[in-house]
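Undergrad: here is my input, please return the structure:
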Amino acid sequence: MSALPQAASIPAAPPEVREIWYTRCPVPTASGLAQHFRWVHAAFAREGIAVHSLRDSDDPAVRESHFTHSLPASFREGGNIPAIWARSGGQDTVVVGITWVDEEQLILVAPDSDIRTLADIRGRRLGIPKNTARVVDFPRAQDLHGLVTGVRLAGLQPEDVQIVDIAGHDFQQRRIGAAGPGSIHQATADALLAGTVDVIYAKGAAGAWLVQERGLRPLLDINAHPDPFVRVNTGTPRPVTVNRDLAEQRPDIVARYLATLLRAAHWARSHPDEVTAAVAAETGTTADNVRRGYGPGLHQHFDVLLSDQYVEGLRRQTAFLREWGFLQGDFDYDAWIAREPLALAHQIVAREGPALPSA
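TA: Model prediction:
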């Protein structure tokens, strides 16, 4: 009779997971599509796993995990600034996929401004929000990055302009839509129209709304630049992050989530009108603002990848945030990227097909 193996050599059973959480920003994401049509819920219902939305929770501590990623067994896809900030503070997450949905990134002036060309911003007042928040001030970071990009495209340096702080609010306790009166750009747009500042930044459907409804005049669309790395900001690219322990102990769950996103991206390519309607609902704006803010090819750009461009774009955003003092500490960027779950997700789709689960 062979001897029983030592207890230490017996592989531990994978931990049981009965529920997972997800969160996404009010912007175009594969996760947003998957939850809008409840495909992610259906995918895990087969496994007896409940799926919950952080954004729909009544508990402020749970909603704050959108920024801190403190909730176990949680997935996040959205603006990269909170994800990078949480990792820099020691939160042990991994990037298991990245999406890149280009969006209008506008340098805006008032309708009656005497600023006519980008070079005219020399010496002018550039407004950025300064919010009261316990977490990273992502609106400040994104607006600063956009304006610094505009300054450098004008052949200037940040010291050639005046940076003016505009008082904001405690944004993490609110469910702010990406566009319309509740937009995170409202304070800076008000300051621009009041003459307190001369130039601001806005992006996506919110920027389109400010042009359409408040008459702001675009001086530059950074998104028109051919170099994708010039277009890097909080929304380009957007990482899909998950707790490292879940990725290591239950790679099947992480791969199943990613497989649902891959299928959603495949579906989106042949359903442009449905995608526009879903994103309009996600962003709290109109279909016309979605088309302007994200372009007519939006439905073709939900692919979840870990391509060289996507990984390098996220690296460059991390470097910008470090340079401008938004991070809590340094971390090993390369070790943050976990490629195995996405490879497993592709195997699932290849084996089971691209059809989405019935909601």
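
Undergrad: buried sites along stretch 153-166?
TA: Residues 154, 156, 161, 164, 166 are the ones in stretch 153-166 that count as buried (16 or more other Cβ atoms under 10 Å). All C-beta spots, glycine's among them, are computed from the backbone N, C-alpha and C.

Undergrad: one more: stretch 301-315?
TA: For stretch 301-315, by 16+ other Cβ under 10 Å, it's 301-306, 310-311, 313-315.

Undergrad: quick one: those as JSON lines, columns for distance to residue 211, secondary structure and pLDDT too.
TA: Below are these laid out as JSON lines (distance: Cβ to Cβ, whole Å; DSSP: H, G, I helix; E, B strand; the rest coil; pLDDT from 0 to 100):
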{"residue": "301", "distance to residue 211": "22", "secondary structure": "coil", "pLDDT": "96"}
{"residue": "302", "distance to residue 211": "25", "secondary structure": "coil", "pLDDT": "97"}
{"residue": "303", "distance to residue 211": "29", "secondary structure": "coil", "pLDDT": "97"}
{"residue": "304", "distance to residue 211": "31", "secondary structure": "coil", "pLDDT": "98"}
{"residue": "305", "distance to residue 211": "31", "secondary structure": "strand", "pLDDT": "98"}
{"residue": "306", "distance to residue 211": "34", "secondary structure": "coil", "pLDDT": "98"}
{"residue": "310", "distance to residue 211": "29", "secondary structure": "helix", "pLDDT": "98"}
{"residue": "311", "distance to residue 211": "33", "secondary structure": "helix", "pLDDT": "98"}
{"residue": "313", "distance to residue 211": "26", "secondary structure": "helix", "pLDDT": "98"}
{"residue": "314", "distance to residue 211": "29", "secondary structure": "helix", "pLDDT": "98"}
{"residue": "315", "distance to residue 211": "32", "secondary structure": "helix", "pLDDT": "98"}
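
Undergrad: need the max-distance pair from those residues.
TA: Using Cβ to Cβ, those span at most 21.8 Å, a distance reached by 302 and 315.

Undergrad: the stretch 251-359 of the chain: strands as residue ranges?
TA: For the stretch 251-359 of the chain, applying DSSP state E, counting those that start in this stretch gives no strands.

Undergrad: helices along that one, start to end?
TA: Applying DSSP state H, counting those that start in this stretch to the stretch 251-359 of the chain gives helices spanning 251-268, 272-283, 287-294, 308-323, 333-336, 340-352.

Undergrad: quick one: closest of these to residue 112.
TA: helix 287-294 (22.5 Å).

Undergrad: returning to what we had before: nearest to residue 72, out of the buried residues of stretch 153-166: which one, please.
TA: residue 166 (36.6 Å).

Undergrad: which residues touch residue 199?
TA: By Cβ atoms under 8 Å, 6 or more residues apart in numbering, residue 199 lies in contact with 107-109, 115, 121, 124-127, 147, 150, 161, 192, 219.

Undergrad: sitting in helices, which of these do you find?
TA: Members of those lying in helices (criterion: DSSP state H): 147, 150, 192.

Undergrad: need those residues in a markdown table (columns: distance to residue 345).
TA: Below are those laid out as a markdown table (distance: Cβ to Cβ, whole Å):
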| residue | distance to residue 345 |
| --- | --- |
| 147 | 37 |
| 150 | 37 |
| 192 | 44 |
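
Undergrad: most neighbours out of those, which is it?
TA: residue 192 (26 neighbours; other Cβ atoms under 10 Å).

Undergrad: can you pull the contacts of that one?
TA: Applying Cβ under 8 Å, 6+ apart to residue 192 gives the contacts 108-110, 127, 198-200, 216.
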